[in-house]
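Chemist: model this:
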Amino acid sequence: MRVLLLGGTGGFGKQAAAYLVGENLITEVAVASRSFEVAQQAAIKIGDKAQAVCVDIRDAARLSSIASDYDIIVNTAGPTSEVQVPAVKAAIEAGVHYCDIAAIGKYADIALTLDTQARANGVTAIIDTGWVAISSLMAVHASRMLDDTAQISVCWLFDYTPGNYFSPVQSLERASELGRVETSWDLIETAGEPIVTYREGSWMRLDPLENPVQVIHPSGSEIAGYLTDSPSTFTLPHYLPGVKTVTCLLGMVPPQLMELFIQKSRRIAGREIDWSGAALDYFETAVADKEHWLTPPANYPKGWWMWAVAEGQKEGRKARYLCWPSMVLSWTMIPLIIVALRILRGEVSQHGVFPTEACFELGSFLDEASKYIPENHQGEPLLNEHFDWLE
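Modeler: Prediction:
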């Protein structure tokens, strides 16, 4: 099977390539970049299965022409605003399957409108894999652990304290070295807008700063989460019948960074700067006053977390169920690779544009993810769970 890997020279792309070339099913990985020289350098490092391809995702005609020679497009490129919808369209035009690691709701919503065209061309396109996929699968699983689930919260906590890879300190250093902001920071683009959310069976837009939500963390403490523009907001209500409220929440460590993140995003809404300028402003402001912005409160949860919370009824009583991954793996790459391989093995019969939860169950997904567990943790469960009676 032949893979066209978009964004193959970036950090996520190189990780994806390393996983893909290790699979016997994969005979070729075409590392795509706007620069053939850069793509060639990356392909040489990846190994014999890798080839270099020069293509600009924004050149739809060329991308679809090149893609027609492959079995699947695997998209790790960014920013999402520029690459997700054009890449899905190119896959449909070429008649090849597709998956990506995008994570912004408003672009997922547009990509999902291409479902009819994908079905007509016999294309399976599974969007927003990665950590979004695991979170959505956990949400569906959590909803089934109660007899009557009224509310689902999908939560993420990102640790940006100095020393972490994505800390403003480290991110500013890399931006200075590269001469640009890494595209994974495109999440800031929509953070300051009124956020689409699903409450009491209705869609609405709410200001994230004016509507913080207190949510239970797996540690048992309550933290503030802020509405975030996640694909899960748009997709989960369609796969959770009877659930009236679906809330996607983002928090940061230190927590005060979340407010700064939203404030800087509002400069985009005001058309003062683009997403990369807002991210750079965010880094510089945080680094200029580390004591204020980069010092977490005592006893605040640390680390990177994603978890799902279901609230409703169990055996006639109010109850709450939480689940979260038990260990830190590459939760951006591993779900992407699992989705790509399952499509190529013919295990996904549906054609169209889908979120991960439309095609997979958490249990079997984690079973496949277990092969990527480090040897010293083999045999350990990948999911932690906690149940509370609320009355």
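
Chemist: just checking, Leu250 touches Ser153?
Modeler: No: contact between Leu250 and Ser153 fails when scored by C-beta atoms under 8 Å: they sit 11.4 Å apart. C-beta coordinates here come from the backbone N, C-alpha and C atoms, glycine included.

Chemist: what is in contact with those two at once?
Modeler: Gly225 (C-beta atoms under 8 Å, 6 or more residues apart in numbering).

Chemist: what pairs with Leu383 across the strands?
Modeler: Beta-bridge partners for Leu383, by DSSP bridges, are Pro325.

Chemist: could you pull out the strands for the stretch 101-250 of the chain?
Modeler: Under the criterion DSSP state E, counting those that start in this stretch, the stretch 101-250 of the chain contains strands at 124-127, 148-159, 195-199, 202-206, 213-216, 222-227, 245-253.

Chemist: If we go by neighbour counts, what in the fourth one is buried?
Modeler: Read it as strand 202-206. Residues of strand 202-206 include none that count as buried (16 or more other C-beta atoms under 10 Å).

Chemist: ok so, going back, most tightly packed of the strands of the stretch 101-250 of the chain?
Modeler: strand 124-127 (a mean of 27; mean count of other C-beta atoms under 10 Å).

Chemist: doesn't Lys371 make contact with Leu334?
Modeler: Actually, residue 334 is Ile. It isn't Leu. No: the pair Ile334 / Lys371 is not scored as a contact, 9.3 Å apart, by C-beta under 8 Å.

Chemist: Which one of these two is surrounded by more residues?
Modeler: Ile334 (23 against 9; other C-beta atoms under 10 Å).

Chemist: That one and Ala18: what is the separation?
Modeler: 12 Å (C-beta to C-beta, to the nearest Å).

Chemist: How many residues are close by the residue lying closest to Ala67 once chain neighbours are set aside?
Modeler: Leaving aside its chain neighbours, Ala67 sits nearest to Ala94 (3.9 Å; criterion: C-beta to C-beta, 6 or more residues apart in numbering). Neighbours of Ala94 under the rule other C-beta under 10 Å: 21.

Chemist: Please report phi then psi for Ala94.
Modeler: Backbone torsions of Ala94, given as degrees, to the nearest 10, read phi -80, psi -20.

Chemist: contacting residues for it?
Modeler: Leu63, Ser64, Ser65, Ala67, Ser68, Ile73.

Chemist: Could you pull out the helices in the stretch 1-150 of the chain for me?
Modeler: 11-21, 36-46, 60-67, 80-94, 105-112, 115-120, 131-143 (DSSP state H, counting those that start in this stretch).

Chemist: no wait, the stretch 201-350 of the chain
Modeler: Using DSSP H, counting those that start in this stretch, helices in the stretch 201-350 of the chain cover 231-235, 256-269, 275-288, 290-293, 333-344.

Chemist: looking at these, which is closest to Asp115?
Modeler: Asp115 lies closest to helix 231-235 among the helices of the stretch 201-350 of the chain, at 11.8 Å (C-beta to C-beta).

Chemist: just checking, what packs against that closest one?
Modeler: helix 105-112, helix 131-143, strand 195-199, strand 245-253, strand 352-355 (3 or more C-beta pairs under 8 Å, 6 or more residues apart in numbering; DSSP states H and E).

Chemist: out of these, nearest to Gln313?
Modeler: Ranking these by proximity to Gln313 (C-beta to C-beta) places helix 131-143 first, at 12.1 Å.

Chemist: Rounded mean pLDDT for that closest one, please.
Modeler: On average, the pLDDT along helix 131-143 is 97.

Chemist: and if you look at stretch 261-268?
Modeler: Per-residue scores along stretch 261-268 average to 96.

Chemist: before we move on, back to that, between the helices and strands packed on helix 231-235, which gets nearest to Gly122?
Modeler: strand 352-355 (9.9 Å).

Chemist: Can you give the domain ranges for the protein?
Modeler: Annotated domains of the chain cover 2-130+332-360, 133-325 [automatic domain parsing].

Chemist: End to end on the longest one, go ahead and measure it.
Modeler: When you say that, I think you mean domain 133-325. End-to-end distance of domain 133-325: 13 Å, with C-alpha to C-alpha, to the nearest Å as the criterion.

Chemist: same check, this time on stretch 357-377
Modeler: 27 Å.

Chemist: List the buried residues in it.
Modeler: Glu357, Ala358, Cys359, Phe360, Leu362, Phe365, Leu366, Glu368, Ala369, Ile373.

Chemist: wait, Pro254 sits on Thr295?
Modeler: Yes: between Pro254 and Thr295 there is a contact at 6.1 Å, judged by C-beta under 8 Å.

Chemist: more neighbours, these two?
Modeler: Each of Pro254 and Thr295 has its neighbours counted (other C-beta under 10 Å); Pro254 has more, 19 against 13.

Chemist: Done for today, thanks.
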